[in-house]
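This is the structure alone, sequence omitted:
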């Protein structure tokens with residue numbers, strides 16, 4: 001195979017498709033980069049390029065969007081940018097702030113969260 005990268009003609013170039021799918025999923029470039037294991041700068045780069053990134057990058061981007069690589073590159077229509085296996089950007093932002101707390105504060109916060117989760121679980125069981 002030659003070193004050429006394939007460009008799918010159907011929906012603009014790859015970068016435009018990636019940006020659209022990212023936005024539909026509700027990610028900022030920064031949030032998407034964190035979930036995809038990349039940097040915001042690289043996401044911006046991919047979104048301006050017509051050529052496809054390397055395979056392992058495509059796989060990471062697709063996983064972050066909850067899509068197959070075929071859906072990401074346009075070989076198959078994207079069913080949806082389902083983020084169910086992923087955490088919401090708001091929650092990710094908050095969790096990254098929690099990670100910066102001192103251990104004592106984290107334990108207190110987790111205790112409160114556990115209390116609410118336990119309370120919710122009990123109320124669901126009673127219905």
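Received, thanks. Everything numeric in this text was worked out from a predicted model, so none of it was measured. Numbers count the residues shown, from 1 in each chain.

hmm, who's touching the helix of greatest length in the chain?
Criterion DSSP state H: the longest helix present in the chain is helix 103-126. Here helix 103-126 makes contact (C-beta atoms under 8 Å, 6 or more residues apart in numbering) with 98, 101. The way it works is simple: take the backbone N, C-alpha and C, and place the C-beta from them, glycine included.

Count residues in the vicinity of residue 121, would you?
10 (other C-beta atoms under 10 Å).

List of residues touching the helix or strand containing residue 33?
Assigned by DSSP states H and E, residue 33 falls within helix 29-36. Defining contact as C-beta under 8 Å, 6+ apart, one finds that helix 29-36 is touched by 22, 25, 27, 39-40, 42-44, 47, 60-61, 63-64, 86-87, 89, 92-93, 96.

pLDDT below threshold where in this structure?
1-11, 80-89, 122-127 (pLDDT under 70).

which helices and strands sit right next to the helix or strand where residue 44 lies?
Assigned by DSSP H and E, residue 44 falls within helix 40-48. Here helix 40-48 touches helix 14-24, helix 29-36, going by 3 or more C-beta pairs under 8 Å, 6 or more residues apart in numbering; DSSP states H and E.
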